[in-house]
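J.: With the sequence up front, the predicted model follows.
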Amino acid sequence: MAGFVGVLVSDPWLQNQFTQVELQSLKAQFLSMRDHGGGLRLGDLAAKMSKLKIIGDGISEEERDSFVKQSYANLDSDVDFEFFLRVYLKMQVQAGAKNSSSAFLKAATTTLLHTISESEKASYVSHINNYLGDDSFLKRYLPIDPLTNDLFEISKHGVLLCKLINVAVPGTIDGAAINTKKVLNPWEKNENHTLCLNSAKAIGCTVVNIGTQDLAEGRPHLVLGLISQIIKIQLLADVNLSRTPQLVELVDDSKDIEELMSLSPEKILLRWMNFQLKKGGFKRLITNFSSDVKDAEAYTCLLNVLAPEHSNKSSGMTLKSALERAKLVLEHADRMGCKRYLTPKDIVEGSPNLNLAFVAHIFQKRNGLSSQMKQISFLESMPDDAQISREERSFRLWINSLGISTYINNVFEDLRDGWVLLEAIDKASPGVVCWKFANKPPIKMPFRKVENCNQVVKIGKQLKFSLVNVAGNDIVQGNKKLILAFLWQLMRYNILQLLKNLKFHSHGKEITDADILKWANCKVKDSGRHSRMESFKDKKLSNGIFFLELLTSVEPQVVNWSLVTRGDSDEEKRMNATYIISVARKLGCSIFLLPEDILEVNQKMMLTLTASIMYWHLRRPVEDRSVSSDSDNGSSSETISNSNIDDSASESSTDDTLSR
């Protein structure tokens, strides 16, 4: 395994304020700000940071400039890397104070102020002990004592985090792909961490600022941030119309249902809570899981509505002390069979993460909704296309993995103002977006949204996307077919650009689908195996054997062939498909497809799966081709996705039967 070489800072305190992923990114940005490799004046720093969108849009150029002038006297002094990091941290604090957000899945692994909440740690430890206490590998370590740092020590082998992901979204990781020997060497631990990070992205976690080295070191704020996201995904899994159709009771007509479908789970949970509170005669509107619930009055009313039979005879509403009222709330919840996730002190202090977890668990235990056939009929009249749903999922996860400023819950709704699309384009082709003419949300005037989407279409045409008769207004109107078509072309462009940028292989030439197909077949043939892929829609691909042989050809030890089936039945094919996805992620491939995509031989997904394996293999140093991926593979911001492809893209090959 290649040794890990990171960015080193002389001041240990400063070094510990950043992950290696962030240090590498900031070092690259710092070097790009210097004048042709020369110096960097302090007086020029604000303008150059704004131009590169360092710290994003949380603070304007004028505010940065004012901050620098007020903080430092000599604006002609030269800025070295460590001084830049200190300025960056101070600006982060200023931007954070100005733009504090309660978004439940956004930026949970940032580095600012590396403190951890002992209450959150204790709550998450209790969750882990409860759900993983019987695991055959982990039972030697559990239960974890929340008063120690054992959680972070146990996380260093990667098994706990992988198992927790499977609890949150069952079937995400094939258990056979997790290294679970009693004593794991650094290579095996790194494989687990890589599998964990790529799988976390695949279920919707934001892991832009965390790498495998950070997990190997058990850095508390990063490990806890990742665990927090995974647990929230588990707790909020039922807060959607597909899993809980009774939620239609919250709306009056089909138009409102479409709006409800576009909301984040957190906002749906707030709407549900207010719906139940209204039944109990509660007068206030709850808008967050922090200050609005600190007095515990809303909780008292909510539990009385949902479980009046467990209510305490002495009403919490008559108590003057919020802490005493909070104690009664948790006693009521205990009688309902709800896990606490928080203490009375957490309620009165307004801990947003723990309050959200508490309410989500109440919803899981008893949502108080009834099935009304009249309202359910609204759902039945709406299109239910499994393929569109899978495509939307792939695009959404891919966009969220890019580390843009907005967390996407529904691509058909959240992309309509054009801003997120411009951000995604900027990630795929840096510098192509003209931000001077872009309108930043919130956008009240419809024509401003059209302006953004017109620029999206214009750039798409510059990048040679197929956009015949497509206008910006089609995106604003939420045309699903056109939005999916545009996003696929953007993702495919990103993949091919990443491959093209590997100049030692492509020599700067354009990479085509035929090149990817040829590469895959040559790798398998050169490894002495006999499978062949005639095209990306070859039906023989459904048994998974070709991709397992391809994975073996790029990393001989990664596939355990004793676990591979012949793929004769649908169940055997599914087992192989699940294993393929986990093995690819274990190597370091960032992919978002589902086993169904392999079983159905979706040629679009087959192309991008192959391309992701090709990219992972070719980007490794030549001297490292025979060993495991380096320790930072799992954290790359250069993401390769599996999504939908234009049918014309891969039809140059025939569909003849594949013989092994």
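T.: On my side now, so go ahead. A quick note: this is a predicted structure, and the numbers were derived from the prediction, not measured.

J.: which residues does I154 contact?
T.: By C-beta atoms under 8 Å, 6 or more residues apart in numbering, the contact set of I154 is L138, Y141, I144, L160. Every C-beta, even on glycine, is put in place using the N, C-alpha and C of the backbone.

J.: now the first one, nearest residue through space, not along the chain?
T.: Of all residues beyond its chain neighbours, the one nearest L138 is L132 (5.2 Å), with distances taken as C-beta to C-beta, 6 or more residues apart in numbering.

J.: Just to check, the one you found is in contact with L142?
T.: Yes - under the criterion of C-beta atoms under 8 Å, L132 is in contact with L142, at a separation of 6.3 Å.

J.: So if I had to pick from those two, which one is more boxed in?
T.: For L132 versus L142, the count of surrounding residues by other C-beta atoms under 10 Å is larger for L132: 21 against 17.

J.: where does that one land on pLDDT?
T.: pLDDT for L132: 95.

J.: likewise V251?
T.: Reported pLDDT for V251: 83.

J.: hang on, it packs against E258?
T.: No - counting by C-beta under 8 Å, V251 sits too far from E258 to count as a contact (9.2 Å).

J.: okay, the two: which has more neighbours?
T.: V251 (19 against 16).

J.: how near is that one to Q213?
T.: Distance from V251 to Q213, counting by C-beta to C-beta, to the nearest Å: 47 Å.

J.: same thing with I443?
T.: For I443, the distance to Q213 - C-beta to C-beta - is 40 Å.

J.: Comparing the two, which residue is more hemmed in?
T.: The residue with more neighbours, out of I443 and Q213, is Q213; 20 against 17, by other C-beta under 10 Å.

J.: can you tell me the helix or strand for the more buried one?
T.: Using DSSP states H and E, Q213 maps to helix 212-216.

J.: Where does pLDDT dip in the stretch 101-250 of the chain?
T.: Residues of the stretch 101-250 of the chain that meet the criterion pLDDT under 70 lie in 101-115.

J.: Strands of that one, start to end?
T.: Under the criterion DSSP state E, counting those that start in this stretch, the stretch 101-250 of the chain contains no strands.

J.: and what of the stretch 451-600 of the chain?
T.: According to DSSP E, counting those that start in this stretch, the stretch 451-600 of the chain contains no strands.

J.: What are the boundaries of the helices in it?
T.: With DSSP state H, counting those that start in this stretch as the definition, the stretch 451-600 of the chain shows helices at residue ranges 472-476, 480-500, 503-506, 513-526, 545-554, 570-587, 595-599.

J.: ranking those helices by mean pLDDT, which is last?
T.: Of all the helices of the stretch 451-600 of the chain, helix 503-506 has the smallest average pLDDT, which comes to a mean of 62.

J.: how far away is the closest residue to A200 other than its chain neighbours from S394?
T.: Nearest residue to A200 in three dimensions, chain neighbours excluded: V207, at 5.4 Å (C-beta to C-beta, 6+ apart). Noted for V207: a distance of 17 Å to S394, by C-beta to C-beta.

J.: Let me know whether K345 touches L323 as I believe.
T.: Yes - using C-beta under 8 Å, K345 is in contact with L323, at 7.2 Å.

J.: any idea where the helices of the stretch 301-450 of the chain begin and end?
T.: Using DSSP H, counting those that start in this stretch, helices in the stretch 301-450 of the chain cover 322-336, 344-349, 352-365, 373-380, 386-401, 411-414, 419-428, 446-462.

J.: These: which one's closest to Q603?
T.: helix 386-401 (12.8 Å; C-beta to C-beta).

J.: Who are the packing partners of the closest one?
T.: If you count contacts as 3 or more C-beta pairs under 8 Å, 6 or more residues apart in numbering; DSSP states H and E, helix 386-401 packs onto helix 186-202, helix 411-414, helix 480-500.

J.: That one to helix 419-428, inter-axis angle?
T.: 70 degrees (axes from the mean of the first three to the mean of the last three C-alpha atoms, to 10 degrees).

J.: Averaged pLDDT, helix 386-401. What do you get?
T.: Mean per-residue pLDDT for helix 386-401: 86.

J.: which stretch in the helices of the stretch 301-450 of the chain is the model least sure about?
T.: Lowest mean pLDDT within those: helix 373-380, at a mean of 52.

J.: Count the neighbours of the nearest residue to E392 once chain neighbours are set aside for me.
T.: Nearest non-adjacent residue to E392, counting by C-beta to C-beta, 6+ apart: V411, 5.4 Å away. Per other C-beta under 10 Å, the neighbour tally for V411 reads 24.

J.: shouldn't V411 be in contact with L487?
T.: Yes - the pair V411 and L487 passes the contact test of C-beta under 8 Å, sitting 6.8 Å apart.

J.: phi, psi of R41?
T.: phi -80, psi 140 (degrees, to the nearest 10).

J.: so what's it up against?
T.: Contacts for R41 were tallied using C-beta under 8 Å, 6+ apart; they are L75, D76, S77, D78, V79.

J.: Name the SS class of the first one, please.
T.: Judged by DSSP: H, G, I helix; E, B strand; the rest coil, the three-state class of L75 is coil.
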